[in-house]
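*Asks:* Got a predicted structure plus its sequence, pasted below:
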Amino acid sequence: MRLVSWNVAHRTSRVTAQLNYLISKFSDVIALQEVTPNYLNAIQPLLFEAGFTHIESSLKDTQGLPVNRSYGALITSKLPIKASSQIVMPWGEKSLSVVLGLDEGEINLTTAYIPPGSTNGWAKIENIEALVAGLPLKRAILCGDFNCPQSELPDGTIVTWGQRIDSAGQVKQKRRLRGGDGHRWDAVERSLFTDLTERGLVDVYRSLHGFGDAYSWVLKRHGNEVRRRFDHAFSDLLVSECVYDHAPRLRGLSDHAALIIDYEGF
C-alpha cells in the first residue's frame, strides 16, 4: 500500500496539476493537509474521476469560523474506508481519522494539520496535546504537517520551538513563550517524537534513514533557504520505503515536499 501525505497549501489554482502528480505516484491512499472549502470543492470531482471514490474531509463544520480555522484535512482512497471516531481536539477540523478496511486487517489512519504557533499561539500546543492523547495505539498511522520541530541535530536530538539555539550553537530552554510556560511548549511538541515512540508509533522516515539531513518545507529569507522537517508519518506498521519528494515543491505546486510511504504486506 502506498500512502502519499502532502500539505497542498490550499493552492486551488494548481489543483489539477497537484492531482496529476498524485496519480503519477501510483497512490493507493492520499492524505492532504491545508485543504480549504474552496479547494475541497475543486478537487473532489477530479478525485472521483481518477478512481479515488472514497473521500472524507474534516471540513464539515467550519462555516462562520475565522480564516485560520478553515484549513483542514482530506483523506481519499482507492481502498475501502470506513467511518471512525474522531479525535476530540480544540480545533476539530485540524485532524481527520478513518479506518482503512483491508483484507489483511483494518488500519487506523489519522492525518493532521497542526497550525504554526507563530500565528496561532497556544492553540498549536493544545491541539497537539489532544491529538497525541487520542491517537489509536495499534495498527495506526499518523501523518501530516505538524509545524515542528524547529531543528534536528546530527545525533537525533530534537530542538523544539520551546527552545532556542544560541550564537555558540548551544540549545537553551525558553522559560516563557507566548505568555505561557516554555517547558510545557517544549514537552508537548517533543511528545510527538517521544510519547508516540514509547507507544510503538515510530517516526517512519528516521526509522529507515537515521538522522542525516532531511527537510520537507523551505522558506526563502534574505536570499537564503530556511529548511524544516515539518511533515511526518508515525506508525507501528512495517514500512519498506519512506521518502520526501521535492519535485512538486520545486514546480511550485506547494511549499511542501510530498511524503511517500510504502507499507509492506498490504
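*Replies:* Looks like it arrived, so ask away.

*Asks:* What pLDDT does the model give the residue lying closest to residue 245 once chain neighbours are set aside?
*Replies:* Counting by CB to CB, 6 or more residues apart in numbering, residue 245 lies nearest to residue 258, which is 4.7 Å off, once chain neighbours are set aside. No exception for glycine: its C-beta is placed from N, CA and C like everyone else's. The predicted local distance difference test score for residue 258 is 98.

*Asks:* Counting neighbours, what do you get for residue 258?
*Replies:* The tally of other residues near residue 258 (other CB atoms under 10 Å) stands at 27.

*Asks:* Now do it against residue 233, distance only.
*Replies:* Per CB to CB, to the nearest Å, residue 258 is found 12 Å from residue 233.

*Asks:* Next, show the common contact partners of these two.
*Replies:* When contacts are counted by CB atoms under 8 Å, 6 or more residues apart in numbering, residue 258 and residue 233 have residue 5 as shared neighbours.

*Asks:* For the stretch 151-266 of the chain, just list every one of the strands.
*Replies:* 151-152, 158-159, 163-165, 171-173, 176-177, 180-181, 202-203, 217-221, 224-228, 231-235, 239-245, 258-263 (DSSP state E, counting those that start in this stretch).

*Asks:* any residues touching the fifth one, and which ones?
*Replies:* Residues outside strand 176-177 that contact it (CB under 8 Å, 6+ apart) are 161-162, 182, 185.

*Asks:* For that strand, what is the distance to the chain centroid?
*Replies:* Its chain's C-alpha centre lies 25 Å from the corresponding centre of strand 176-177 when counted by CA atoms, centre = their mean, to the nearest Å.

*Asks:* would you turn the contacts of strand 176-177 into JSON lines with neighbour count?
*Replies:* Formatted as JSON lines, those follow (neighbours: other CB atoms under 10 Å):
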{"residue": "161", "neighbour count": "22"}
{"residue": "162", "neighbour count": "26"}
{"residue": "182", "neighbour count": "19"}
{"residue": "185", "neighbour count": "25"}
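
*Asks:* Taking those residues together, which two end up most distant?
*Replies:* With CB to CB as the measure, no two of those lie farther apart than 161 and 182, at 9.3 Å.

*Asks:* The strands of the stretch 151-266 of the chain into a markdown table, with extra columns for distance to residue 189?
*Replies:* As requested, the strands of the stretch 151-266 of the chain are arranged in a markdown table below (distance: least, CB to CB, whole Å):
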| stretch | distance to residue 189 |
| --- | --- |
| strand 151-152 | 12 |
| strand 158-159 | 8 |
| strand 163-165 | 9 |
| strand 171-173 | 12 |
| strand 176-177 | 11 |
| strand 180-181 | 13 |
| strand 202-203 | 13 |
| strand 217-221 | 16 |
| strand 224-228 | 13 |
| strand 231-235 | 12 |
| strand 239-245 | 20 |
| strand 258-263 | 19 |
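
*Asks:* which of these is buried the deepest?
*Replies:* Neighbour counts averaged per stretch over these are highest for strand 231-235, at a mean of 24; criterion: mean count of other CB atoms under 10 Å.

*Asks:* Any idea how far that strand is from the middle of the chain?
*Replies:* 7 Å.

*Asks:* Number the residues from 4 up from this point.
*Replies:* Got it, the first residue is 4 from now on, which makes the last one we talked about strand 234-238.

*Asks:* Parallel or antiparallel, which strands does it pair with?
*Replies:* Next to strand 234-238 in the sheet, as set by DSSP bridges, lie strand 143-148 (antiparallel), strand 205-206 (antiparallel).

*Asks:* right, so those strands: which one is the most enclosed?
*Replies:* Highest mean neighbour count among those (mean count of other CB under 10 Å): strand 143-148, with a mean of 26.

*Asks:* where do the helices sit along the stretch 54-203 of the chain?
*Replies:* Shown for the stretch 54-203 of the chain, the helices assigned by DSSP state H, counting those that start in this stretch span residues 120-123, 126-137, 185-194, 198-201.
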